[in-house]
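> Pasting a predicted model and its sequence here:
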Amino acid sequence: MSFVEIIDDCNYLSEDTKNMLINLLDLAADVEKIDKSSCEMSLSFVDIEEIHQINKEYRNIDRPTDVISFALNDQVEGEIDIVGGEQINYLGDVIICLDIAKEQALEYNHSLERELGFLTVHGFLHLLGYDHMSEDEEKIMFGKQEEILSKFGLER
(Lines give C-alpha, C1' and ligand atoms only; values in the text may rest on other atoms or scores of the structure.)
Protein backbone atom coordinates (compact mmCIF):
# COMPACT_ATOMS: atom_id res chain seq x y z
CA MET A 1 0.00 0.00 0.00
CA SER A 2 1.30 3.42 -0.96
CA PHE A 3 1.56 6.47 1.28
CA VAL A 4 -0.13 8.42 -1.55
CA GLU A 5 -3.86 8.64 -2.15
CA ILE A 6 -4.68 9.74 -5.68
CA ILE A 7 -7.97 11.59 -6.04
CA ASP A 8 -9.17 11.69 -9.63
CA ASP A 9 -12.94 11.96 -9.36
CA CYS A 10 -13.35 12.85 -13.04
CA ASN A 11 -11.19 9.92 -14.19
CA TYR A 12 -8.70 12.15 -15.98
CA LEU A 13 -5.78 9.74 -15.67
CA SER A 14 -5.16 6.17 -16.76
CA GLU A 15 -4.20 3.57 -14.17
CA ASP A 16 -0.73 3.44 -15.75
CA THR A 17 -0.26 7.19 -15.20
CA LYS A 18 -1.51 6.95 -11.62
CA ASN A 19 0.88 4.06 -10.93
CA MET A 20 3.75 6.01 -12.51
CA LEU A 21 3.07 8.98 -10.22
CA ILE A 22 2.88 6.73 -7.14
CA ASN A 23 6.21 5.14 -8.08
CA LEU A 24 7.71 8.59 -8.69
CA LEU A 25 6.59 9.77 -5.25
CA ASP A 26 7.97 6.58 -3.69
CA LEU A 27 11.36 7.42 -5.23
CA ALA A 28 11.10 11.07 -4.17
CA ALA A 29 10.36 9.98 -0.60
CA ASP A 30 13.36 7.64 -0.68
CA VAL A 31 15.62 10.44 -1.98
CA GLU A 32 14.36 12.70 0.81
CA LYS A 33 14.71 9.89 3.39
CA ILE A 34 11.01 9.98 4.28
CA ASP A 35 9.61 6.99 6.16
CA LYS A 36 6.71 6.09 3.86
CA SER A 37 5.25 3.70 6.42
CA SER A 38 4.50 6.55 8.81
CA CYS A 39 3.21 9.28 6.52
CA GLU A 40 0.42 9.98 4.05
CA MET A 41 -0.45 12.57 1.43
CA SER A 42 -3.02 13.12 -1.28
CA LEU A 43 -2.51 13.96 -4.94
CA SER A 44 -5.62 15.38 -6.62
CA PHE A 45 -6.41 16.26 -10.22
CA VAL A 46 -8.87 19.00 -11.08
CA ASP A 47 -9.96 21.10 -14.05
CA ILE A 48 -9.07 24.73 -14.69
CA GLU A 49 -12.24 26.14 -13.12
CA GLU A 50 -11.69 24.26 -9.87
CA ILE A 51 -8.00 25.20 -9.53
CA HIS A 52 -8.94 28.84 -10.25
CA GLN A 53 -11.50 28.75 -7.42
CA ILE A 54 -9.03 27.09 -5.02
CA ASN A 55 -6.31 29.62 -5.87
CA LYS A 56 -8.74 32.51 -5.35
CA GLU A 57 -10.17 31.18 -2.11
CA TYR A 58 -7.00 30.04 -0.36
CA ARG A 59 -4.29 32.26 -1.87
CA ASN A 60 -6.31 35.35 -2.86
CA ILE A 61 -4.97 35.03 -6.41
CA ASP A 62 -7.76 35.38 -8.96
CA ARG A 63 -6.38 33.16 -11.74
CA PRO A 64 -5.77 29.48 -12.36
CA THR A 65 -2.42 27.86 -11.60
CA ASP A 66 -0.76 24.54 -12.40
CA VAL A 67 -0.16 23.13 -8.91
CA ILE A 68 -1.04 24.07 -5.33
CA SER A 69 0.31 22.41 -2.20
CA PHE A 70 -1.27 22.51 1.23
CA ALA A 71 1.37 21.39 3.72
CA LEU A 72 -0.17 20.36 7.01
CA ASN A 73 3.13 20.41 8.88
CA ASP A 74 3.80 24.10 8.40
CA GLN A 75 4.42 25.72 11.75
CA VAL A 76 2.30 28.83 12.22
CA GLU A 77 3.36 31.46 14.74
CA GLY A 78 1.38 31.15 17.94
CA GLU A 79 0.18 27.65 17.12
CA ILE A 80 0.26 25.04 19.88
CA ASP A 81 2.40 21.96 19.20
CA ILE A 82 0.57 18.65 19.03
CA VAL A 83 2.20 16.16 21.38
CA GLY A 84 1.98 12.40 21.78
CA GLY A 85 0.80 9.35 19.95
CA GLU A 86 2.18 7.16 17.21
CA GLN A 87 -0.09 8.62 14.60
CA ILE A 88 0.46 8.81 10.89
CA ASN A 89 2.11 12.04 9.79
CA TYR A 90 -0.20 13.58 7.20
CA LEU A 91 2.06 15.64 4.94
CA GLY A 92 -0.72 17.45 3.12
CA ASP A 93 -2.39 17.76 -0.25
CA VAL A 94 -1.06 18.45 -3.73
CA ILE A 95 -3.61 19.60 -6.31
CA ILE A 96 -2.74 19.63 -10.01
CA CYS A 97 -4.71 21.18 -12.84
CA LEU A 98 -4.66 18.69 -15.70
CA ASP A 99 -5.76 21.33 -18.24
CA ILE A 100 -2.75 23.53 -17.48
CA ALA A 101 -0.41 20.51 -17.31
CA LYS A 102 -1.45 19.60 -20.86
CA GLU A 103 -0.84 23.18 -22.07
CA GLN A 104 2.57 23.32 -20.39
CA ALA A 105 3.64 19.94 -21.80
CA LEU A 106 2.99 21.32 -25.29
CA GLU A 107 4.65 24.65 -24.48
CA TYR A 108 7.81 22.98 -23.09
CA ASN A 109 7.79 20.33 -25.82
CA HIS A 110 7.81 17.30 -23.55
CA SER A 111 5.37 14.54 -22.65
CA LEU A 112 2.35 14.98 -20.42
CA GLU A 113 3.86 12.32 -18.14
CA ARG A 114 7.00 14.46 -17.74
CA GLU A 115 4.91 17.54 -16.92
CA LEU A 116 2.73 15.65 -14.44
CA GLY A 117 5.87 14.19 -12.87
CA PHE A 118 7.44 17.64 -12.57
CA LEU A 119 4.32 19.15 -10.98
CA THR A 120 3.92 16.16 -8.64
CA VAL A 121 7.51 16.34 -7.39
CA HIS A 122 7.31 20.13 -7.14
CA GLY A 123 4.19 19.90 -4.98
CA PHE A 124 5.67 17.09 -2.87
CA LEU A 125 8.82 19.12 -2.14
CA HIS A 126 6.62 22.02 -1.02
CA LEU A 127 4.93 19.64 1.43
CA LEU A 128 8.37 18.89 2.85
CA GLY A 129 9.12 22.58 3.37
CA TYR A 130 11.10 23.42 0.23
CA ASP A 131 10.35 26.75 -1.39
CA HIS A 132 11.57 29.00 -4.20
CA MET A 133 11.01 32.49 -2.82
CA SER A 134 14.70 33.40 -3.07
CA GLU A 135 17.31 32.57 -5.69
CA ASP A 136 19.15 30.24 -3.28
CA GLU A 137 15.95 28.41 -2.30
CA GLU A 138 14.97 28.06 -5.96
CA LYS A 139 18.36 26.60 -6.85
CA ILE A 140 18.06 23.98 -4.08
CA MET A 141 14.42 23.07 -4.82
CA PHE A 142 14.76 22.90 -8.60
CA GLY A 143 18.00 20.92 -8.20
CA LYS A 144 16.12 18.36 -6.07
CA GLN A 145 13.33 18.19 -8.65
CA GLU A 146 15.73 17.51 -11.49
CA GLU A 147 17.64 14.93 -9.44
CA ILE A 148 14.45 13.00 -8.68
CA LEU A 149 13.04 13.25 -12.21
CA SER A 150 16.37 12.15 -13.72
CA LYS A 151 16.67 9.16 -11.38
CA PHE A 152 13.16 8.18 -12.39
CA GLY A 153 13.89 8.66 -16.09
CA LEU A 154 11.49 11.56 -16.69
CA GLU A 155 13.77 13.91 -18.55
CA ARG A 156 12.90 16.64 -21.05
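Thanks, I have it. The structure displayed is predicted, hence computed values, not measured ones. Numbering: from 1, shown residues only.

> where exactly do the strands run in the chain?
Remark: strands assigned in the chain by DSSP state E are 4-7, 39-46, 67-71, 89-97.

> Among those, which comes closest to D131?
strand 67-71 (10.1 Å; C-beta to C-beta). Quick note: C-beta positions are derived from backbone N, CA and C, even for glycine.

> Sheet-wise, list the partners of that closest one with their directions.
Under the criterion DSSP bridges, strand 67-71 sits next to strand 89-97 (antiparallel) in its sheet.

> Can you tell me the number of residues neighbouring the nearest residue to I100 once chain neighbours are set aside?
Spatial nearest neighbour of I100, chain neighbours left out: D66 (4.4 Å); criterion: C-beta to C-beta, 6 or more residues apart in numbering. Residues lying near D66 (other C-beta atoms under 10 Å) number 20.

> Contacts only, for D66.
Applying C-beta atoms under 8 Å, 6 or more residues apart in numbering, we find D66 in contact with 51, 96-97, 100-101, 104, 119.

> so where is the protein shaky, pLDDT-wise?
Applying pLDDT under 70 to the chain flags the ranges 73-87.

> how about the helices in it?
15-31, 48-59, 98-107, 112-127, 135-152 (DSSP state H).

> Could you export these as TSV, including distance to E40 and mean neighbour count?
Formatted as TSV, those follow (distance: least, C-beta to C-beta, whole Å; neighbours: other C-beta atoms under 10 Å):
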stretch	distance to E40	mean neighbour count
helix 15-31	11	17
helix 48-59	20	15
helix 98-107	22	17
helix 112-127	11	23
helix 135-152	19	15
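
> need those in TSV with distance to F70, can you?
Compiled in TSV, the helices of the chain are given as follows (distance: least, C-beta to C-beta, whole Å):
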stretch	distance to F70
helix 15-31	16
helix 48-59	8
helix 98-107	18
helix 112-127	8
helix 135-152	17
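
> quick one on the thing from earlier: quick one: the residue nearest to I100 from N89, how far?
D66 sits 26 Å away from N89, going by C-beta to C-beta, to the nearest Å.
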